[in-house]
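Q: With the input below, show me the fold.
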Amino acid sequence: MNFNEFGGLNSGILRTVNEALVLNLVRERQPISRVAIARTTGLKESTISSIVKDLLEQNIIVETEFGDSGGGRRPLMLDLNRDRSRTIGVDLGCHRTIIGVSNFSGEVIGQVTIPTDPVPAAFLEQLANAIKRAIEEFVPAGMAIEGIGFGMPGLIDREEGRIVYAANLDWHNVAVGAYMRQHFRFDLLFEDNVRCAGLAAVWFGSLNDLKHGSAIVLVVDEGIGCALIIDGHLYRGATLGAGQAGHISIDREGTPCRCGNKGCWETLASNDATLARYNRESGTDLSSFAGLTERLHAGDPVAAKVVKQTGQYLGEGIAVLANLLNPELLILDGPLTEAWEHIEPEIQAVLKRRALKENHESLILRPSPIRQNTTLSGAISLALCRNFAVAGVGNSRSRQVANSTY
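A: Residues are numbered from 1 along each chain as shown. Have a look, this model is predicted:
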């Protein structure tokens, strides 16, 4: 994955392949010694010394505690300078919106949550005020802000920061970017919230062990969407509409979907669909998916039944994706991963029946390894990863290694 694909880049912070390679190793494996960098990269010690010296002078990395000596002098370890700057991320959800503030390492240090007002004009004012509140609370006076990354639902125009259409909110042509530029002078970057989850998977190294760099990050929440990573590159589609997997029709005679079709995948397998099914069968009025997983782990038989059904419905759609794209890896992301031991066997059973044998057997199926909000992490990374991007064209494999994907 080339981080240059995400958001606009300031050419002043683009790096050489070797510099980005060293910097990303520090980011991924901190604390790390110069010796370990040399062993991992194969670069000459003089090259590493020069790069590390420059990064130290730029206040991007810092020397920390001594590491194990291995028989000689104990080496100084290298870390990112976490307090070099702050970055703002926005996870604009259908029910709630989270504004997170991270340090330079991408770790969220504070957040503000607001309900997502269904009226766009009212919501944009509330969002701007919440971002200002987050900055006041979590960004020390005088500290640099890298930018604000927005993860937004539906089909979006990344350049303008406009939500073209979000079915679950019934929003059309909502000019988030134009409104926010009136209030903030920082760099503003925008991406589909599902692709933000894909970026988070890249940023935190989930794709490092792949041979071909083909993966799907399937996000199951209020709806269903997927980030498609093909040969190490994010695929957006001819009109930026790729990944709308939730609107694959699983049952032509099924429940009407907000998109206008019937029996869409998300009407059967989304968190909202699972919760609605549980409430119907149990006669309760549970309002959160977290509450459902609590009941599941407490041994509630109705919760176990409906979650297993969701696993089967997920298997139906994943079989379509496996046959269509034959990815190496599918990462399932969202609150449903808390019920992984219940849904994974159901998915595998359906895949065995519905997917081609070779496509099923070659597919690695994993829950997301990221415990924090992945859309928020990806939104933060939109702005933050520009510090780690590689300049020039060069060798694609070198760029991919330097940009820490596989």
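Q: need the strands for the stretch 1-150 of the chain, in chain order.
A: 32-33, 61-66, 76-80, 85-92, 96-102, 108-115, 144-152 (DSSP state E, counting those that start in this stretch).
Q: if you compare those, which one is most tucked away?
A: Counting by mean count of other Cβ atoms under 10 Å, strand 85-92 has the highest mean neighbour count of those, with a mean of 26. (Glycine included, C-beta is placed from N, CA and C.)
Q: Could you save the strands of the stretch 1-150 of the chain as a markdown table and add columns showing mean pLDDT?
A: Listed next are these as a markdown table, based on pLDDT from 0 to 100:
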| stretch | mean pLDDT |
| --- | --- |
| strand 32-33 | 90 |
| strand 61-66 | 84 |
| strand 76-80 | 91 |
| strand 85-92 | 96 |
| strand 96-102 | 96 |
| strand 108-115 | 96 |
| strand 144-152 | 95 |
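Q: Nearest approach to L268 belongs to which of those strands?
A: For L268, the closest of those is strand 96-102, at 23.3 Å, according to Cβ to Cβ.
Q: Distance from that closest one to the middle of the chain?
A: With Cα atoms, centre = their mean, to the nearest Å as the basis, strand 96-102 stands 14 Å off its chain's centre.
Q: One more: stretch 79-88?
A: Taking Cα atoms, centre = their mean, the mean C-alpha location of stretch 79-88 is offset from the chain mean by 19 Å.
Q: Switch the strands of the stretch 1-150 of the chain over to JSON lines; also include distance to A200.
A: Compiled in JSON lines, these are given as follows (distance: least, Cβ to Cβ, whole Å):
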{"stretch": "strand 32-33", "distance to A200": "22"}
{"stretch": "strand 61-66", "distance to A200": "22"}
{"stretch": "strand 76-80", "distance to A200": "17"}
{"stretch": "strand 85-92", "distance to A200": "10"}
{"stretch": "strand 96-102", "distance to A200": "12"}
{"stretch": "strand 108-115", "distance to A200": "12"}
{"stretch": "strand 144-152", "distance to A200": "9"}
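Q: wait, which of the ones you listed is closest to E159?
A: When the strands of the stretch 1-150 of the chain are compared for distance to E159 using Cβ to Cβ, the nearest one is strand 144-152, at 12.7 Å.
Q: To F186, which of the strands of the stretch 1-150 of the chain lies closest?
A: Comparison of those against F186 by Cβ to Cβ identifies strand 144-152 as nearest, at 5.1 Å.
Q: and the angle from that closest one to strand 96-102?
A: Here strand 144-152 runs at an angle of 150 degrees relative to strand 96-102 (axes from the mean of the first three to the mean of the last three Cα atoms, to 10 degrees).
Q: Strand 144-152 packs against which elements?
A: Under the contact criterion of 3 or more Cβ pairs under 8 Å, 6 or more residues apart in numbering; DSSP states H and E, strand 144-152 touches strand 85-92, helix 176-181, strand 188-192, helix 193-203, helix 374-384.
Q: show me where pLDDT drops low in this structure?
A: 1-15, 66-73, 205-210, 212, 391-406 (pLDDT under 70).
Q: in it, which helix has the most residues?
A: Secondary structure of the chain per DSSP state H: the longest helix is helix 301-325.
Q: got a list of what L188 touches?
A: 147-148, 150, 161, 177, 180-181 (Cβ atoms under 8 Å, 6 or more residues apart in numbering).
Q: May I see those organised as a markdown table, with distance to D91 added?
A: Formatted as a markdown table, the contacts of L188 follow (distance: Cβ to Cβ, whole Å):
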| residue | distance to D91 |
| --- | --- |
| G147 | 16 |
| I148 | 12 |
| F150 | 9 |
| G161 | 15 |
| G177 | 16 |
| M180 | 15 |
| R181 | 20 |
